[in-house]
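Trainee: kindly generate the corresponding structure for this input.
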Amino acid sequence: MPVGDLKGEQCIVIPVLAGGAVAKGDVVHLEGDGYWDETASGDTGKFGVALNAAAAEGDPIQVCIWGPCVVASSAAAIAKGAYVVTDAGVVKDAGTLSATTVIGTFVGTAMEAVGSSGGNLTVWIGLVG
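Mentor: Prediction:
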């Protein structure tokens, strides 16, 4: 499954402006300047997945902000049902949750498992509660 593919009719897609170069399937987030940028590790959301590419700041893109979407994972295992967080345009397992876990860092929930070498998986964007 290619990254950036929608996996259901439940998806909510909005038109936005990219904050720079973005590839299809990148995990993106809303910055204070109103643009949607590729995420870095530890970013906080509003999150989505870019459904098309942008070459430069101000280019229009479509972003899935809710629903099942295919994304790439970092080179670590993610269990089905795990919360995921950002890792440079992809997702990684949120790890053990604690009282100090920052809720705004969750991208969504893994709808399938991915192995220790990373890969593509379906994440329900926005499903964090």
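
Trainee: neighbours of G89, how many?
Mentor: Other residues near G89 come to 22 when the count uses other Cβ atoms under 10 Å. (Glycine included, C-beta is placed from N, CA and C.)

Trainee: quick check: I12 touching P68?
Mentor: No: if you go by Cβ atoms under 8 Å, I12 and P68 don't touch, sitting 11.3 Å apart.

Trainee: more neighbours: these two, which one.
Mentor: Neighbour totals were compared for I12 and P68, and P68 leads with 21 against 12 (other Cβ under 10 Å).

Trainee: how about the more buried one, what does it touch?
Mentor: By Cβ atoms under 8 Å, 6 or more residues apart in numbering, the contact set of P68 is L6, K7, G8, Q10, C11, M111, T122, V123, W124, I125.

Trainee: what of W124?
Mentor: With Cβ under 8 Å, 6+ apart, W124 has these contacts: G67, P68, C69, G108, T109, M111.

Trainee: next secondary structure after the lengthiest strand in the chain?
Mentor: As assigned by DSSP state E, the longest strand anywhere in the chain is strand 60-73. Counting by DSSP states H and E, the next helix or strand C-terminal to strand 60-73 is strand 83-87.

Trainee: hey, what's the spatially most central residue of the chain bridged with?
Mentor: Nearest residue to the geometric centre of the chain (Cα atoms, centre = their mean): V27, 3.5 Å. Counting by DSSP bridges, V27 forms beta bridges with V49.

Trainee: pretty sure A40 is touching T86, no?
Mentor: Yes: here A40 reaches T86: they are 6.8 Å apart, a contact under Cβ under 8 Å.

Trainee: what number of residues lie near the residue nearest to T109 when sequence neighbours are not counted?
Mentor: Sequence neighbours aside, L127 is the residue nearest to T109 in space, at 4.4 Å (criterion: Cβ to Cβ, 6 or more residues apart in numbering). For L127, the count of nearby residues is 16 (other Cβ under 10 Å).

Trainee: just K7 next, same as before
Mentor: Using other Cβ under 10 Å, K7 has 17 neighbouring residues.

Trainee: lovely, talk soon.
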